[in-house]
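Engineer: My questions concern the predicted model and sequence given below.
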Protein chains: 2
Amino acid sequence: MNFPLKAAVKCGQCPIRHRAVCAHCDDDELTLLEHMKSYKTFAAGETILWRGDELAFVGSVVQGVASLSKTLEDGRTQMVGLLLPSDFIGRPGRQQIEFDVTATTEVTLCCFERKPFEQLIQNTPHVAQRLMELALDELDAARDWMLLLGRKTAREKIATFVQMLVRRTQVRHIDGKLHPLSMPMTREQIADYLGLTLETVSRQFNGLKKEGVIAFSDRRQFEVLDLAGLHAATGDDAEFIS
Amino acid sequence: MNFPLKAAVKCGQCPIRHRAVCAHCDDDELTLLEHMKSYKTFAAGETILWRGDELAFVGSVVQGVASLSKTLEDGRTQMVGLLLPSDFIGRPGRQQIEFDVTATTEVTLCCFERKPFEQLIQNTPHVAQRLMELALDELDAARDWMLLLGRKTAREKIATFVQMLVRRTQVRHIDGKLHPLSMPMTREQIADYLGLTLETVSRQFNGLKKEGVIAFSDRRQFEVLDLAGLHAATGDDAEFIS
DNA sequence: TGCGATCCTTGATCTACATCAAGGATCCGC
DNA sequence: GCGGATCCTTGATGTAGATCAAGGATCGCA
């Protein structure tokens, strides 16, 4: 099932080669990165970085799912980002992060030490440019999520979440239906991502299930039966397909 | 009161010279920008750019306040960004924007045509770097707002909003109290920024007023009487002063 | 200086979702 | 394949904030 990640996978064989921070690199640049990189694996639930930590390394998610989250004084938490394969952790010019980074499933990262990586950016505009694109993509995603958190109903939130999973996992279409997808997180984690409680998440999933929009085979495995119905349930303006 | 913006203010005299996209530029680079720039002014309420518009120009807010907002099918709207002086509109490599940009107060922009500006970026790393910093700052702000929208109570939202105004307008402190600040938007616009209704915004302002945390002289003019009380009301973890 | 438009306040009521509660399914280590 | 931990579902009840409604303040323009 999983891509077999040895300690030294060749960049050429890497599953995220054309989407990650290295996407625009030519062979020479890739060789440079090849020598700097190292893989780290984290078990599900393990914290990768704590808020306020000094950022020793940066890197890309190769496999699995990680999440960024923020917490209030009394413990209420909000997930502020979901990192899927090819997403990047850490920013040039920042030595601290202002949120916790946690492994949601088992996660494999392709890491670089921050200092050398920042020097490399100076001389490889392809990496700097890709980093900028990734940051702007994240900004777009954050703004879509602001609309969701501020104005959408529970049902619309769940539908939007499922739609996002479908899009980001780029699953193949079969006559309007879709291959089974995996739900990479618990109801509670989904609740923290959507600004809901786990009970409401559960009720809304079952609502969409009863209406025949989605179906669960397993509680972590589901498929979309009615893609048009799903889109309609998101509340988004159909005029703009984002 | 306002900085007197003629059609051709020298960059050296510009009020946002050291915070905007040109912050890191040396004199030569500034001369280049000087020749490319032009000022545009928009009246309060005027739309600067519509969602989906082809992005002909990019630029910085010099004076006034603009806002970015997204709308659902049925008209519910959420503000996804507030642009104060020195903030930048438009992104390299994107020819479209996915939200409306509106003048909240009268706004003056320092504009550049997009195509020439993008070429300029290639050769002036100082501008490219500053653009990256600005994008990352916006990403941080967006994530703080996600926590607010998803998990804060109405009271915490209002307190956080006031705190943000205090910080961003960098008002001088006088023994814990603060100089009068201006509220650059209506109750309805604030509601759209905080994911509330205008009635709730009004009630919460009056709540904080009754408790002596803030005071209004005019409905657009107020001051913070109890800064510590304000911070306490935001719900944020005091351990991390962001 | 007067009048309509806009903006704000305040009160009464409603409702979507949170909270509280309990039981059932699934997983995992022994 | 047994027993506790974790995760999920479902029901009953509570409540923060939305919605509905009406009146008051302030603004801008003749």
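Structural biologist: All right, it came through fine.

Engineer: quick one, domains of chain A?
Structural biologist: Listed domain ranges for chain A are A:11-149, A:153-232 (source: automatic domain parsing).

Engineer: What about residue A:52, how many residues nearby?
Structural biologist: Residue A:52: 12 surrounding residues under other Cβ atoms under 10 Å in any protein chain shown. Every C-beta, even on glycine, is put in place using the N, C-alpha and C of the backbone.

Engineer: Tell me if it really is in a strand.
Structural biologist: No. Counting by DSSP: H, G, I helix; E, B strand; the rest coil, residue A:52 is not found in a strand; it is coil.

Engineer: ok now do it, which residues does it touch?
Structural biologist: Contact analysis of residue A:52 by Cβ atoms under 8 Å, 6 or more residues apart in numbering or on different chains lists A:96, A:97, A:98, B:240.

Engineer: Only whichever of those are buried, select them in PyMOL.
Structural biologist: Buried residues among these (16 or more other Cβ atoms under 10 Å in any protein chain shown), as a PyMOL selection:
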select buried, chain A and resi 97
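
Engineer: of all the contacts of residue A:52, which two lie farthest apart?
Structural biologist: Pairwise distances across these (Cβ to Cβ) peak at 11.1 Å, for the pair A:97 and B:240.

Engineer: SS state for residue A:223?
Structural biologist: When classified by three-state DSSP, residue A:223 comes out as strand.

Engineer: now it, nearest residue through space, not along the chain?
Structural biologist: Excluding its sequence neighbours, the residue lying closest to residue A:223 (Cβ to Cβ, 6 or more residues apart in numbering or on different chains) is residue A:180, at 4.8 Å.

Engineer: Over to residue A:165?
Structural biologist: Counting by Cβ to Cβ, 6+ apart, the residue nearest residue A:165 is residue A:181, at 5.9 Å.

Engineer: Check chain A for its longest helix and report it.
Structural biologist: helix A:125-151 (DSSP state H).

Engineer: what residues does chain A put near DNA strand D?
Structural biologist: A:186-188, A:198-199, A:201-203, A:205-206, A:216, A:219-220 (Cβ under 7 Å from any atom of the strand).

Engineer: could you measure residue A:186 against chain B, distance?
Structural biologist: 17 Å (Cβ to the nearest Cβ, to the nearest Å).

Engineer: residues in contact with residue A:135?
Structural biologist: When the contact criterion is Cβ under 8 Å, 6+ apart, the partners of residue A:135 are A:91, B:132, B:135, B:136, B:139.

Engineer: so what pLDDT did residue A:168 get?
Structural biologist: On pLDDT, residue A:168 comes in at 88.

Engineer: Which pLDDT value belongs to the closest residue to residue A:237 other than its chain neighbours?
Structural biologist: Nearest-residue entry for residue A:237: residue B:73, 4.9 Å, with adjacent residues in sequence omitted and distances by Cβ to Cβ, 6+ apart. With respect to pLDDT, residue B:73 scores 94.

Engineer: quick check, residue B:73 in a helix?
Structural biologist: No. Under three-state DSSP, residue B:73 sits outside any helix and is assigned coil.

Engineer: Kindly provide the distance from it to DNA strand C.
Structural biologist: 15 Å (Cβ to the nearest atom of the strand, to the nearest Å).

Engineer: Kindly report the same for residue A:236.
Structural biologist: Distance from residue A:236 to DNA strand C, by Cβ to the nearest atom of the strand: 16 Å.

Engineer: Next: residue A:124.
Structural biologist: 41 Å.

Engineer: Over to residue A:180?
Structural biologist: For residue A:180 relative to DNA strand C (Cβ to the nearest atom of the strand), the value is 14 Å.

Engineer: wait, what's in contact with that residue?
Structural biologist: A:217, A:221, A:222, A:223.

Engineer: Report pLDDT for it.
Structural biologist: 84.

Engineer: Now it, what are its backbone angles?
Structural biologist: For residue A:180, the backbone dihedrals (degrees, to the nearest 10) come out as phi -60, psi 140.

Engineer: Distance check, it against chain B.
Structural biologist: Distance from residue A:180 to chain B, by Cβ to the nearest Cβ: 29 Å.

Engineer: what about that residue, distance to residue A:218?
Structural biologist: Distance of residue A:180 to residue A:218, given as Cβ to Cβ, to the nearest Å: 9 Å.

Engineer: where exactly do the helices run in chain A?
Structural biologist: Counting by DSSP H, the helices of chain A are A:27-36, A:114-123, A:125-151, A:154-169, A:187-194, A:198-210, A:227-232.

Engineer: and of these, who's closest to residue A:42?
Structural biologist: From the helices of chain A, taking Cβ to Cβ, the stretch that ends up closest is helix A:187-194, at 15.4 Å.

Engineer: in terms of contact count, name the helices or strands touching the closest one.
Structural biologist: Packing partners of helix A:187-194 (3 or more Cβ pairs under 8 Å, 6 or more residues apart in numbering or on different chains; DSSP states H and E): strand A:66-71, strand A:77-83, helix A:154-169, helix A:198-210.

Engineer: could you dump those to TSV with distance to DNA strand C and mean neighbour count?
Structural biologist: Listed next are those as TSV, based on distance: least, Cβ to the nearest atom of the strand, whole Å; neighbours: other Cβ atoms under 10 Å in any protein chain shown:
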stretch	distance to DNA strand C	mean neighbour count
strand A:66-71	15	23
strand A:77-83	11	23
helix A:154-169	4	19
helix A:198-210	3	16
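
Engineer: Lowest pLDDT pick from the contacts of residue A:52?
Structural biologist: Lowest pLDDT among the contacts of residue A:52: residue B:240, 71.

Engineer: ok, the residue nearest in space to the middle of chain A - contacts?
Structural biologist: With distances taken as Cα atoms, centre = their mean, the residue of chain A nearest its centroid is residue A:83 (2.5 Å). Neighbouring residues of residue A:83 by Cβ under 8 Å, 6+ apart: A:61, A:65, A:66, A:67, A:68, A:89, A:101.
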